[in-house]
Structures are given as C-alpha cells and as structure tokens.
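A.B. asks: Show me how the following folds:
(3 chains)
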Amino acid sequence: MERRTVFPGRVLPLLLVAPQLLLTAVFFLWPAGQAVWSSTIRQDAFGLRSVFVGVENFTDLFTDPLYRDSIGRTAFFCAAVAGLAISVALLLAVFADREIRGRGWYRTLLIWPYAIAPAVAAVLWLLVLHPQIGLLGRWLNRHGVAWDYKLQSAQAMGVVVLASAWKQVSYNFIFILAGLQSIPRAVTEAARMDGARGWRRFRTITLPLLGPTMAFLLVVNLVYAAFDTFGTIQALTGGGPGKATETLVVKVYRDGVVNLDLGSSSAQSVILMVAVVALTLIQFRFLGRRRAD
Amino acid sequence: MATLDLHGLTKSFGGTSILAGIDLALADGEMLVIVGASGCGKSTLLRLVAGLEEPTAGRIILGGQDVTRTDPAARDIAMVFQNYALYPHMSVFDNMAYGLRIRGLGRDDIKARVGQAADLLGIGALLDRKPRQLSGGQRQRVAMGRAIVRNPKLFLFDEPLSNLDATLRVQMRAEIRRLQRRLGVTSLYVTHDQVEAMTLGDRLLVLHQGRPVQLATPMEVFARPADTYVAGFIGAPAMNLLPAELLGDRVCLPGGQVVALPSPRHGGPAITLGIRPEHVTLQPGGLPLQVELVEPLGSETLVHGRMPDGTPLLAKLPGAMPVPDRVEVAITPGELHLFDRETGRRLDG
Amino acid sequence: MRTDWVAHLVLCLGVALFALPLWLVLAGSTQPSAAIARGELSLVPDLGGLGVYADVLRAGGRNDTPVWRMLLVSFGMAMCIAVGKIVISVLSAYAIAFFRWPFRGLAFGVIFLTLMLPVEVRIIPTYSVMAGLGLINTFTGLTLPLIASATATLLFRQVFLAVPDELIEAARMDGAGPLRFLRDILLPVSAANLAALFVILFVYGWNQYLWPLLVATDPSLDTVVIGIVKMIGTETQAEWNKVMATAVLALLPPVAVVLLMQRWFVKGLAESDK
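C.D. replies: Modelled structure (predicted):
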C-alpha cells in the first residue's frame, strides 16, 4: 500500500524513523540475538563455565516429555480460552447489536472490563473461587464438591481458563460489535426479504460476513492466551499444582528466572519467538482483511 | 499576475506517455480552459504547472521565471481542487489564512485580506464555521477564497464544479467567470464539461490522449473543429459524424444522396462528414429519415433517426412539435464539416 | 415495538458476569480481614469499614509500603509508555507513509516483525540487555523496552495512508513543508486515533506484570498490580480487606480512562489493524 502524494526528501524521514529503529534494535533485535546465542550454550551446574552445544538444547527440549506436556497443555489452554472468550463475546455482541432500550448502557457496561489487568482479574476470581474465602468456592465445598484448585489439577486449569477468558471477553466484544455494525443494513434487509429468519440468517449471512473479524480475533486470542496470561496464572496458581497450569511462558519464567537454566529457557524463548513471528505472518498473508468489505 | 509559457512539456510514467510535448503561451490575465475526456492528461498538465509532479521533459516559465524545478510553495500559484481540500479541523477563516500565516504576513494584513476575499465571495458570515457545517457551494467558495487571498501569479482550477449539482454549477460558473475577469489573474481551468469550456475560456486547449489537438477560441473550436475528436466533443448533442465520399465539390452520403458544396475542397475521396444536429432541418422532399426515437425537451425536439442505408442521424429541431415516423430532412451546406476519414483531421478548402 | 426480553436477559447476565466480581471486591474491602479469612465474606458492604482505603493508601502493601506510592509508579509508567509510544510511532509511521527513501521497506519489515513479540517472549535476554545498560531497578528500565513495539506504528500508518491526497496538495500549495503539515494538519485530523491509542496504551502500561516484576527489585518501584500479588503472598498472612481495597484502587484509573474516552476508544480499536 502506498500513498500517491508524498513529500520530497530523504534525510528527514530517516531522522524520524530513527528513534523507533534504535529502540527496536536495542530492545528486540539485540535480545533476540542474545537469546539465539544463549540457546546454543549450556552452563555447568555452578554457572561458571559455558559450553557451546549447538542445537542440543533444542533437541533436548523436543525429546523432553515435560516440555512436550507443556506444549500440549498450552495448546489446550489457548484453545479453551480463545473458544470461550470468543463465543461469549459473540453471544453478547449479537444481542447488543439489536435495537433495544438502554443499548448504550449495556455496551458501556460490557466494555469497561477491558481495563482490568490480567493479574487483577486473577485476584478477582481468586476472591470468588478460593476454597476458604471465595463466595463460590465456599458454596461448592458446602454442597459436597471437593473444591480446591490449589490441589486439584483439573480444577486449577479450569480456574485459569475461566479467569483468562473472562478478561478477554470485552476486547472481543468490541471488535465483534464493530464487525456486526459494519455489515451493511441493506444486506440484512435483503436477506429478510428473501425469507431468512433468525438462526438461519445468522448462520448463512451474519457469520460468514464476520469471518475476517473472527479470524483476526482467533489469532489475537491465541497469542493473548499464550503470553498475556502470565500474570493471571501466576497470581492464581503460580503454575501449579505441580505443573498443572504451567503454560509455555510460565515455564520460560520458571526455568529462566527461578531455576536459572539459561540455555534451556533461551531455547524455549527462541521457539516461542519463531512461533509468534510465524503466526503474525500467517495472519497478514492469509487473513489480510479484517472486514468483510 | 503574469504570463505563463510552457515549452515541450512532457510526462511519461514507466513506458506510458501521459503528456506529449505541450507548448502553450498564456497572456497576462487570460483564462485558458483545458478540456478533454477522462484520462486525456489534463489533470496531469495542471499538476505539472502546480509543481505537484515533475515533468519528464520541457520547461515552465511563469512571469518570465523558469519554475520547472521549483517547489510548489515557491511558485506563487494558487489551486482550487475538485474536492475542495479544505482543512476539516480549521474554521473558514483559518483555512483561508493558513497560506498567509506560513508566508509570515501580519495579523492585521491577514484579517484584511481574508475579509476582502470573503466579501467578494459572499461568505463573510461563514468565517467562524467549520467545513463540515457548509454546503457544497459554500465549500467551493471557501476553496476559491483560499486561492484569492494569496494574490498569486496564477490560478489553477481542477474541475472545481464537478461535485456540485446542476443548478449550482450554472450559478458558480458565472461567478467564477466574473471573479476571474475582475481580479484579472492568469488562470488555467481544467474540465471535462464542454459547456464550462465554452463559457469560461478565453481560449480552449483540447487534449486527446496526452496530445494537444486544438488551441483556439471557443467559437473557433465550435465553428471549425480541428478533427473528429474535437468535433464530437464540443457541442451538445454531439455532432453527427458520417462516413462519406468527397468528389471535388460534391459529397456523397452513404445512402447515395449527394450534397453540393459551396466551393470545392481538397482531399478525399474517403472522408468523414460532420453535421451538427441543429443544422439538420425539416425539408419536404429532402433526405428521408426513419424516426426511431423522439425526445421532446420543450425548447427543442431531438429526433433520433436512421438514413435509408441505416446510418444513424440526430436532428435537433426548434420548438415542440409532433414528429411522424418518417420525415424528410435537409443539411445546411454551409455548415458541413469535412474530415479526412483516416486521420480525422479537418479538410479545408 | 415489543420489548426484546431475550436480549435484555442475555445482556443483563453478561453485565452481571463482570459486575459481580467487582461488587464482591468492593463489598469485601470494607469487611474485616479476619472475618473474610474465616469464610464469612458477604456481598453486603460494611460502610463502617471504608476506612480501609485510607489505611491502604498510607501503608497497605507488603511490609507496609504505601499504596499511594505504588499508584504513582503505575501512573508514571502508564503515562510514559502511552506518550512515548505515541510520539515514536507517529514519527515512524509518518516517515514510512509520506516519504520514499532507500531501505524503507526493510525498516518497515523490521518494525513490523516486532508486532507480536510480546515482552514475555524475550524477558530473559531483554533483562540481560538492561543489566548491561545499567537500567535494572530504574524507572527508565521499567518503561523503555515497552515503548518500542509496532502496534501503534501500524495503526498510524494505516490512518496516514488514508488521508486524502488533496489535503496534502492543498497544504503544499499553501506553502507547508512536511513538519508543518504534520503539526498543523495531520495530527489534528488524526486526533480521534491519537485519543484511542492513548487509552489502549495507558491500559497496557498500567496492567503490566511480568516485566516490572523482573526489572524492579526495589519495592519503591513496585507498580500497584505487582503490589497486589505480593500482598496476597502466602495467603495465610494476607489481609484480605486490604488486598481487595488495593485491587479496587488499582482498577479505578484505567477504568476511568476507558469510560471517559469510550467513544474514541471504541472507534480507534475497531478501526485499528493489527
């Protein structure tokens, strides 16, 4: 995409773009390079000597059942969060798009949660689901459910999925609503004249026209679930019990910062970087347009 | 106020030629209209003069100075855009004052100039409004006001009336003409509308696919079009162009009829004969015409007909009258235009 | 027109889904911590407990660090990131959209690549870079790495590409050079986008967790989000009412920003490309 009208001059644009390029070089390229370098090194037990081991860190990771578990766990987590967050948002957006009284209020009340920090969302849900303190947590225990996500793996995963998805609904809601509103009224009206009502119209007209928006949100949600949920998970379960909620990014943190295994965590970082770059490229190449126009 | 001279102005892009060698000399205070169909290069020519694009070859001399490589801001030219291009976040006053502020004029100076221009255009009451609060005609006036306050050497108009509705267009046309005459600023006006061209220009430059086809006064272009393109472009409804044969002082129409010429012409035998619809009159005993469609306009009646051999012919008859299925018409001999059939160029006697 | 009961029901449930946890925290913050720990947290606030907010602001964090200082750090961080990122991105997007220069494509590609490289993916190497630059435990270290990424640049590039040609041409004819055009015309015309992006970036900066956790070991540099998690600590010692009060305080500024600028924010977010 290009502009037809541009300004002449070469020095000025270079000066203007320099700050960002500088910051990018220092805080993205250099660390990325360092990560790649560190991923080829292994330190001895005391952290005193480093040995170049080439791709061994990577092969170790991929043959490590713990890492593979982590990948699977993350995949499940991401899919669950994305699926939940998008479907709830879709439901709400469809109804918020209707001509009802108080539409503006409903929208405002569904948009404000965008501002909640992932970590704070976790705190909120902790206070709801905590086995001893939380309103819902206590209620469950009183009614015969052995509720303690600190001890039960499946419950822990459920809790972090819930809190993470809950936080993301607002963002999706805004986009889906905008997408619904960008469907020209003439199209929906033509469909109604053709006899398509309710669910059918939704399935055959609305959803396909929302396609680009949904595809975009899917990628964004997956990336959100993979990375931005660190605070949520940390605050709720810390990655536990054991490794039950240890997603890939939590693992990078644990291995790198807590266990100080530079080589392995760098390799994990590199793998994550490659995955994200690939996802970004896919999104742009194949999912180009976000709107149905 | 200044003279404008263009020498061999050329623009090509990639391998395509957009403008092929334009030579032009505008007198001080003259309004030249550049007219042609879409894609003929007229906007490009205007933008080259403005300095918004660089020519591939040629020179632009404004007021005796070569401005071919000068930045637009330094050329002392003002432009009125097709879509007005008003700064949406600024008031009318600020829109008009912006160029003056950049040039460092004092506040009082600016206020005086803007006030004068606003009075001239009748927009004095709108100075505090924003563009989105104005109608199309008002915006166009502000756009002109912005150009006027600059007191430039040259005005450039880029199809300024095409976004206005018909009635407004007629009104604004007259205003632009009045203003230009009054201010006496040399002007280049680009349009695809031949009515604007005829009424606004001191002279017309007809462009066809980047080439200059005719440069003359409106009446000359109308009465003696230089080729079939100009003939078909100027005048509404368009001139009838029929294949025919020239034999000395006679023209043979496709259906076999012969028309005598006032004097013999050189050229031919294969020619294109041009006759304007208003010069096709009802004449009992004349050329038979099969009527296909009648369009009553009130002041005139357009008759779409076919000659015996099938060639279409359009007649514009005065007044309102019922028209039967078959009529007989005559072509005024003095109003015939002859063009070489291959080149399309006018054949003169 | 009949009332659409289904819509109202669904939407009310949706609103409640978000409002209830918030209410719970609000109400809980006014109740005594011991009662909460015993499991007596109720939805009814105790108006007598409102004093907890003053307490917390003065000295509520772990080791009694004042929450007001944490709020200040969070605010400073959010503002720096929002403003810094906007400035840098506007300049870059302007350079990329309005000029032609060698390696322009390459520069854009490099900036673009960083688009979805969140800080979580590069934490450790970025940390060592910061250490090398001596920026650990500094405010600069908190904010600088978060300013660099490309989202805002892409958005502005999109906006700038869509500006009508004639506007620029008119400005050039008026005598405006590129910088004057940027200041007098482009920025005012893009005001809504700037506002929307401010909201997005302010929230983004305020809500950061992982990076501030790593970079700042000095408690005086704790953001309020970090402070809350630290306050929960081992849970057995947590003063729950204070935790909840701090959570409410942590929520207020970003929510206020979103609500106040909601219209621009929604417009900007929905029109932004990735």
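A.B. asks: helix or strand right after the host helix or strand of C:Val87?
C.D. replies: If you go by DSSP states H and E, C:Val87 is part of helix C:67-98. Moving toward the C-terminus from helix C:67-98, the next helix or strand (DSSP H and E) is helix C:104-113.
A.B. asks: what's the next secondary structure element after that next one?
C.D. replies: Counting by DSSP H and E, the next helix or strand C-terminal to helix C:104-113 is helix C:123-133.
A.B. asks: List of residues touching that next one?
C.D. replies: A:26-27, A:30-35, A:38, A:252-253, A:256-257, A:262, A:265-266, A:269, C:119, C:136, C:141, C:145, C:210-211, C:214-215 (Cβ atoms under 8 Å, 6 or more residues apart in numbering or on different chains). From N, CA and C alone the C-beta is placed, and that goes for glycine too.
A.B. asks: Quick check: helices, which of these are part of them?
C.D. replies: Among those, DSSP state H puts A:30-35, A:38, A:252-253, A:262, A:265-266, A:269, C:141, C:210-211, C:214-215 in helices.
A.B. asks: buried subset of those residues?
C.D. replies: A:30-32, A:34-35, A:38, A:252-253, A:262, A:265-266, A:269, C:141, C:210-211, C:214-215 (16 or more other Cβ atoms under 10 Å in any protein chain shown).
A.B. asks: re the thing from before, mind checking if the helix holding C:Val87 is in reach of chain A?
C.D. replies: Yes: Helix C:67-98 comes into contact with chain A (Cβ under 8 Å from any Cβ of the partner chain), by way of C:Ile88, C:Ser89, C:Leu91, C:Ser92, C:Tyr94, C:Ala95, C:Ile96, C:Ala97, C:Phe98.
A.B. asks: How about that helix, which residues are buried there?
C.D. replies: Here helix C:67-98 shows C:67, C:69-71, C:73-75, C:77-86, C:88-98 as buried, counting by 16+ other Cβ under 10 Å.
A.B. asks: ok so, going back, which ones, among the buried ones among the ones in helices among the contacts of helix C:123-133, also lie beside chain B?
C.D. replies: Of those, not one also sits near chain B (Cβ under 8 Å from any Cβ).
A.B. asks: Count the residues that sit near A:Trp139.
C.D. replies: Neighbourhood size, A:Trp139 [other Cβ atoms under 10 Å in any protein chain shown]: 11.
A.B. asks: check contacts around A:Gly239.
C.D. replies: A:Ile233, A:Thr245, A:Glu246, A:Thr247, A:Val250, A:Lys251, A:Arg254.
A.B. asks: so how far is C:Arg180 from it?
C.D. replies: For A:Gly239, the distance to C:Arg180 equals 54 Å [Cβ to Cβ, to the nearest Å].
A.B. asks: and if you look at C:Val15?
C.D. replies: 48 Å.
A.B. asks: same deal with B:Val142?
C.D. replies: B:Val142 is 21 Å from C:Arg180, by Cβ to Cβ.
A.B. asks: neighbour-wise, which of those two wins?
C.D. replies: B:Val142 (25 against 16).
A.B. asks: was I right about A:Ala35 contacting A:Gln268?
C.D. replies: No: under the criterion of Cβ atoms under 8 Å, A:Ala35 makes no contact with A:Gln268, lying 9.4 Å away.
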